[in-house]
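Asks: Based on what follows, work out the 3D shape:
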Amino acid sequence: AVPKAHAKQEQSELADKWINIAAHRYSKAQAAELKVGVRTICHEVEKECFKKTKKSIILPKSTVLARANGRQSIKSFNERKAWLTPGEEEVVVDFAIDMALRGFPLNHRRLKEHVDEI
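Replies: A predicted model of the protein is given here:
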């Protein structure tokens, strides 16, 4: 069984991927001066997502429109503010788990020392 946090993260990444696809299609349609609205494109992309992944998503029209106009996702914005890269985060988590399994759970100071070494 997949933990709820992982399932939610997977759903978020799936939606983000399809929002970008819909935003790209909407931008292409606007550049070609086609009379296709964002709602129509969202419905088409939702159906395509279900056909390919067998997972149902709902694409927020305002988010697709904002991405088509150049706004970045909250996820990409927050990634730039992170202190550690995803690879470094994984190293820290693996170290913490390893130490806990050995019977030496990390306190805040020891964890910070390890992070500062990276």
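
Asks: what sits up against the helix or strand of the chain with the lowest mean pLDDT?
Replies: Within the chain, judged by mean pLDDT, DSSP states H and E, the helix or strand with the poorest mean is helix 74-80; its value is a mean of 86. Helix 74-80 has contacts (CB atoms under 8 Å, 6 or more residues apart in numbering) with 12, 16. C-beta: built from backbone N, CA, C; applies to glycine.

Asks: and the helix or strand following it, what does it pack onto?
Replies: Tracing the chain C-terminally past helix 74-80 and defining elements by DSSP states H and E, one meets helix 86-101 next. Taking 3 or more CB pairs under 8 Å, 6 or more residues apart in numbering; DSSP states H and E as contact, the helices and strands that helix 86-101 lies on are helix 108-117.

Asks: now the helix it packs on: how far from the chain's centre is it?
Replies: Its chain's average C-alpha position is 27 Å from that of helix 108-117, according to CA atoms, centre = their mean, to the nearest Å.

Asks: I would like the residues contacting it, please.
Replies: Counting contacts by CB under 8 Å, 6+ apart, the residues touching helix 108-117 from outside are 83, 84, 92, 95, 96, 106.
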